[in-house]
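Student: A structural model of the following input is requested.
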Amino acid sequence: MSKSILIVVLACMTGISHAFSILPAINGKIAYTETVDCGSVSLTDIFRRARLWVSQSAPDNKTLVDDKETGDLVTQGYITVVVPRSENSAGGVYKFAYVLSVECANRKYRASLANVEYLDGNGGRPVSLEIFSQKNEHKATAAELDAKLKALLADLQTGVKDYKPF
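Tutor: So this is what the prediction gives:
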């Protein structure tokens with residue numbers, strides 16, 4: 001409940017439109033963070049599982065940091081959102097860039113999705129979500145993006161915490 005209130009307050013303070021306020025924001029930017037306790041799994045295994053998940057689920061992601069000593073893994077990836085045409089929306093295909101950070105320590109990992117930006121169809125230049133979401137027709141796109149980012153973190157948890165060895 002307090003997270004919801006914080007999101008609304010941040011949205012009002014930064015002048016973010018109503019369409020954007022459904023997405024979690026930290027300092028006016030979309031950010032998803034989750035800490036997962038992996039039980040008795042060692043740091044090395046958590047890191048290996050996270051790296052394996054990234055390579056299998058998003059082989060096109062660009063690895064920015066891959067440090068097994070510290071347990072830090074950072075990748076940059078893309079999500080495509082397809083919005084069908086409706087009465088309220090012209091529909092379209094939208095591509096978003098994000099940065100996924102996974103920090104492994106103390107038999108836990110913290111995954112953060114941040115720096116989410118819309119990639120404009122004209123050369124793929126990044127557009128801040130504050131600007132993108134100002135148009136009323138992007139409400140459906142923001143809702144679909146929110147669902148896809150949450151699903152990405154849930155899939156990471158399945159791949160790391162609930163990993164089934166062969």
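Student: how long is stretch 101-120 from one end to the other?
Tutor: Stretch 101-120 has an end-to-end distance of 24 Å (criterion: CA to CA, to the nearest Å).
Student: in this protein, which spans are strands?
Tutor: Assigned by DSSP state E, the chain shows strands spanning 25-26, 29-30, 32-37, 62-67, 72-83, 92-105, 108-119, 126-127.
Student: Adding mean pLDDT and distance to residue 142, write the ones you listed out as CSV.
Tutor: For every residue, glycine as well, the C-beta is placed using N, CA and C. Formatted as CSV, the strands of the chain follow (pLDDT from 0 to 100; distance: least, CB to CB, whole Å):
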stretch, mean pLDDT, distance to residue 142
strand 25-26, 48, 11
strand 29-30, 61, 9
strand 32-37, 93, 14
strand 62-67, 92, 25
strand 72-83, 93, 9
strand 92-105, 92, 10
strand 108-119, 92, 10
strand 126-127, 84, 13
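Student: which of those strands sits most buried?
Tutor: Greatest average neighbour count among those goes to strand 29-30 (a mean of 22), per mean count of other CB atoms under 10 Å.
Student: quick one: contacts for residue 109?
Tutor: 35, 36, 38, 46, 50, 71, 102, 103, 160 (CB atoms under 8 Å, 6 or more residues apart in numbering).
Student: Distance to residue 147 for those - can I get that in TSV?
Tutor: Formatted as TSV, the contacts of residue 109 follow (distance: CB to CB, whole Å):
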residue	distance to residue 147
35	21
36	20
38	25
46	26
50	22
71	29
102	21
103	25
160	21
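Student: With distance to residue 136 added, can I get the strands of the chain in CSV?
Tutor: Output for the strands of the chain, formatted as CSV (distance: least, CB to CB, whole Å):
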stretch, distance to residue 136
strand 25-26, 19
strand 29-30, 19
strand 32-37, 24
strand 62-67, 33
strand 72-83, 13
strand 92-105, 14
strand 108-119, 16
strand 126-127, 16
